[in-house]
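>>> Okay, here's the prediction I keep looking at, along with the sequence it came from:
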Amino acid sequence: MTEETPGTLLPVTERTRHRRLREQGSRSRADLDAILDTGFLCHLGVVVDGAPMVVPTVYGADESVVYFHGSVASRSLLAAPNASVCLTVTHVDGLVLARSVFEHGVNYRSAMIYGIPRAVTDPEEKLYGLRCLTEHIAAGQWGYARLPNRKELAATALLALPLDEASVKVRTGPPDDGDGPDAELGLWAGVLPMRTEWGEPEPDPALSEHVTVPPHIVHLATQAVPLVSRRTSPQHRINERGTST
């Protein structure tokens, strides 16, 4: 087991404290990074016009911030600029099928990030944030597709949420009733794994027959999950922002 140091532990706050199923809780920053790196779809909990709303949207993260599209959240920011949101990323790894219905469950990895989002208005940072988001979804696509022009940048709502306050939970393993009275029932119990993978690329019907699938998409289509971290370091961020313009 890797020894955790204070710099690699997530801080505990009233919102991130593990109160239920504490054994599934994790304070490891590495676990948070792995959950963010493995996904690209999040659910954003926000209050809009006095009513709660949970909005699915794509995201991209570096070492300190998660960027996401947010036209709905932008409305919330205008109405209540200091209001907190909750951004959640969840991966389902399998069904835990026990001998009793009560002990059924799900193997999963989940991160909840709390904070006050910031509207990204600086053109340089907006380019960087969109690059971060695009490369997080499909590495290599930012250098392949046409980059956004000024009009498109102005029409794009991008928000930044710091990774300072996060709660992580992970469940792995078989059902918990293998050493209890129900073990004598003679019923099958175990885990039904769930895996996500890409399919074959489907070309746009409007494409010319001479346009082939680019190598980075061919590579992505063979991957079930990211093989390496897509996160950029602060120094990398400075370099990328310097070259984005």
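In hand now; what should we look at?
>>> Going by C-alpha atoms from here, please, whenever you check contacts or count neighbours.
Fine.
>>> three-state assignment of the residue nearest the centre of the chain?
Geometric centre of the chain, nearest residue: Leu36, 3.8 Å, by Cα atoms, centre = their mean. When classified by DSSP: H, G, I helix; E, B strand; the rest coil, Leu36 comes out as helix.
>>> Equivalent analysis for Glu184, please.
For Glu184, the secondary-structure state derived from three-state DSSP is helix.
>>> mind listing the helices for the protein?
29-38, 71-79, 123-137, 150-155, 215-221, 234-244 (DSSP state H).
>>> Lowest mean pLDDT across those helices, which one is that?
Per-stretch mean pLDDT for these is lowest at helix 234-244 (a mean of 38).
>>> can you pull the contacts of the residue nearest to the centre of the chain?
Going by Cα atoms under 8 Å, 6 or more residues apart in numbering, Leu36 touches 61, 89, 111.
>>> who does the second one bridge with?
Legend: beta-bridge partners of Val89 under DSSP bridges are Ala111.
>>> i'd like the first residue to be 3 from this point on
Noted, 3 is the first residue going forward, which turns the last one into Val91.
>>> Could you verify my assumption that it touches Tyr110?
No: with contacts counted by Cα atoms under 8 Å, Val91 stays clear of Tyr110, the gap being 10.6 Å.
>>> More neighbours: which of the two?
Val91 (22 against 17; other Cα atoms under 10 Å).
>>> Report the contact partners of the more buried one.
37-38, 41, 43-45, 112-114.
>>> could you redo the last one with a cut-off of 10 Å?
34, 37-38, 40-46, 58, 61, 111-115, 170 (Cα atoms under 10 Å, 6 or more residues apart in numbering).
>>> How many residues are close by Pro183?
When neighbours are defined as other Cα under 10 Å, Pro183 has 9 of them.
>>> That one and Pro176, how far apart?
According to Cα to Cα, to the nearest Å, Pro183 stands 16 Å off from Pro176.
>>> What segments of this structure are strands?
All strands of the chain, identified by DSSP state E, fall at 27-28, 43-50, 53-63, 67-71, 87-99, 107-117, 120-121, 160-164, 168-173, 192-195.
>>> orientation of the fifth one relative to strand 67-71 in degrees?
Counting by axes from the mean of the first three to the mean of the last three Cα atoms, to 10 degrees, strand 87-99 points 90 degrees away from the direction of strand 67-71.
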